[in-house]
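Colleague: Predicted model and sequence follow; I will ask about them next.
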Amino acid sequence: MPLRSQLPGYSPLSARALARSLASVLPGTPEPVEVLRSLLTDRFGGRALLLGSGTQALQAALQLATRVPGLGDSPVALPAYSCFDLITAAAGAGVKVDFYDLDPATLSPDMDSLDRVLARGARVVVAGNLYGLPLDWDDVRSRVEAVGGLLIEDAAQGLGSAWRGGEGGTFGGLTVLSFGRGKGWTGGGGGALLLRDPRVLTDDRSWTRQAG
């Protein structure tokens, strides 16, 4: 039986992008990792850490967030409907979780449900743009900040979205990016974590030793 191959139905990687990628490894060119880190910092703000996947980036974000004084013993609020990798990251970070509902019409957080989770003690909140649909980041952030909490933006599916002039990837005290297959910015794999909240801007990297 003859072998046959099938190209993917769609790839956002142009021939020019592939050629530039290959050229980046030639002698005398800037280190690609540093180029990417600078690109992320310039575009989204904060300190950029490059990691192996979006899941690993979220696990690292949870580990870092729970090291903030006053947040370590509180549960992490996760959306009750999302990618299973959120649970994988939470299990890897060893954190307690509580779930808030989503509005089925918009896939944004149900604010009454989020308020109940915050009232039960959650102080670290993970929220994201499922399928790139925008959510009211101002409302979510104000509720989290009112209890002294920390907002983690899961922008794995949110790159390319916008809210009131702001770009997806810029809304959290911590922001998780994914470059895996099917993502808005795909590199076939990899992820990044952007640090903005002053409480997590630390040079202590011991929290990354278990992030995997």
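Modeller: That came through, no problem.
Colleague: center of the protein - which residue?
Modeller: residue 176 (1.7 Å; Cα atoms, centre = their mean).
Colleague: Quickly find the element holding it.
Modeller: strand 174-178 (DSSP states H and E).
Colleague: got the end-to-end distance for stretch 65-81?
Modeller: 22 Å (Cα to Cα, to the nearest Å).
Colleague: to the chain's geometric centre, what's the distance from it?
Modeller: 15 Å (Cα atoms, centre = their mean, to the nearest Å).
Colleague: try stretch 109-128
Modeller: So, by Cα atoms, centre = their mean, the centroid of stretch 109-128 is 17 Å from its chain's centroid.
Colleague: Then stretch 26-45?
Modeller: 19 Å.
Colleague: so for that stretch, what's the average pLDDT?
Modeller: For stretch 26-45, the mean per-residue pLDDT is 82.
Colleague: who touches it?
Modeller: The contact list for stretch 26-45 (Cβ atoms under 8 Å, 6 or more residues apart in numbering) reads 23-25, 47-48, 50, 167, 169-170, 175, 177, 192, 194, 196. Using the backbone N, CA and C atoms, a C-beta is placed for each residue, glycine as well.
Colleague: Would you mind listing the buried residues in it?
Modeller: For stretch 26-45, burial by neighbour count (16 or more other Cβ atoms under 10 Å) applies to 36, 37, 40, 44.
Colleague: export those residues to TSV and tack on distance to residue 185 and secondary structure?
Modeller: Output for the buried residues of stretch 26-45, formatted as TSV (distance: Cβ to Cβ, whole Å; DSSP: H, G, I helix; E, B strand; the rest coil):
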residue	distance to residue 185	secondary structure
36	10	helix
37	14	helix
40	10	helix
44	11	helix
